[in-house]
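*Asks:* mind folding the following:
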Amino acid sequence: MTAATLTGPPWPAKFRAPKGARTRESILHVAVNLASLEGLQGLTIGRLAEELKMSKSGLFAHFGSKEELQLATVEMARQVFVEYVIHPALAEPEGVPRLWALCDRWVDHVESRVFAGGCFFTAASFEFDSRSGPVRDRIVDAMRTWLGILSEAVDRAQKCGHLKSGVNADQLAFEIYSLAIGSHWVHGLFGDRKAFSNVRTMILSRLRGLATSKCPRLPSQKVDRQRSLNRRPKQRS
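*Replies:* Numbers count the residues shown, from 1 in each chain. Prediction:
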């Protein structure tokens, strides 16, 4: 495996760092993808230096310790997730359209291999759930924030009159989260790409079952899949 194979799809131009920080950004881009493939705990200065064909001293200039590197990697993964999943979804109309966009883009970022190993935070969550320390705390914070965003989207969909008033926002957010995590697991372990279409179908079915007459029309699986394929970032040549 080489650094070239870990670069993944190009990042949005608005996310690219100022010129003076691009070296660190490039290093973290490889670090995020390497960790998504091999695990965050195995991400060390030495392993990353080997992957990048750099000296350890060169990397120590950017990260003074393994923990500092891991924390920076988690933060970079969070920022990439925000750019690919959250920001585009928040541009959608409030209510069920925005809620569905959050779900759809979450699944799509795994299907599109935004991170080389799939869902960075799903893997990191399982890897660090029984550990303690700053790295675990950073992962917990990221995932708690994501669950909060899903819950808030459900709540806003209710206030827009798109979902039934009796829906428990936190519970539905947890259901959506659990379904998506399950699809990531099935795809990662079994290599079953049907997991992505299956989870979209399940989430759409759940939302339709809770929708009111005021709810905007939800997409069909066929239309949604084509849209997903059309928007995937092109791989670097």
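
*Asks:* which strands and helices lie in contact with the single longest helix found in the chain?
*Replies:* Counting residues, the longest helix found in the chain (DSSP state H) is helix 134-159. Counting contacts by 3 or more CB pairs under 8 Å, 6 or more residues apart in numbering; DSSP states H and E, helix 134-159 is packed against helix 66-81, helix 96-111, helix 120-128, helix 169-190. Where you see a C-beta, it was placed from the backbone N, CA and C, and this is true even at glycine.

*Asks:* out of those helices, which one sits most buried?
*Replies:* helix 96-111 (a mean of 23; mean count of other CB atoms under 10 Å).

*Asks:* in the protein, which residue is most central in space?
*Replies:* Phe81 (4.5 Å; CA atoms, centre = their mean).

*Asks:* who's in contact with it?
*Replies:* 109, 120-121, 142, 146 (CB atoms under 8 Å, 6 or more residues apart in numbering).

*Asks:* now with 10 Å?
*Replies:* Shown in contact with Phe81 (CB atoms under 10 Å, 6 or more residues apart in numbering): 87, 105-106, 109, 114-115, 119-121, 142, 146.

*Asks:* also His184?
*Replies:* Residues near His184 by CB under 10 Å, 6+ apart: 106-107, 110-111, 118-119, 121-123, 195-196, 199.

*Asks:* between the residues you listed, which sits nearest Gly39?
*Replies:* Closest approach to Gly39 among the contacts of His184 (CB to CB): Ala123, at 7.1 Å.

*Asks:* so that closest one sits right up against Ala35, yeah?
*Replies:* Yes: counting by CB atoms under 10 Å, Ala123 does reach Ala35; the two are 8.0 Å apart.

*Asks:* any residues in contact with both of these two?
*Replies:* 115, 117.

*Asks:* my read: Glu111 touches Asp192, true?
*Replies:* No: look at Glu111 against Asp192 with CB under 10 Å: they stay out of range, at 11.8 Å.

*Asks:* and the pLDDT at the closest residue in space to Ala77 that isn't next to it in sequence?
*Replies:* Distances taken as CB to CB, 6 or more residues apart in numbering place Phe120 nearest to Ala77, at 4.4 Å, with adjacent residues excluded. On pLDDT, Phe120 comes in at 93.

*Asks:* identify the residues contacting Phe120.
*Replies:* Applying CB under 10 Å, 6+ apart, the residues contacting Phe120 are 32-33, 35-37, 40, 73-74, 76-78, 80-81, 109-110, 114, 139, 142.

*Asks:* distance of Ser125 from Val135?
*Replies:* Separation of Ser125 from Val135 (CB to CB, to the nearest Å): 12 Å.

*Asks:* buried residues in the longest helix of the chain, which are they?
*Replies:* Neighbour counts over helix 134-159 (16 or more other CB atoms under 10 Å) mark 135-136, 138-139, 142-143, 146, 149-151, 153-158 as buried.
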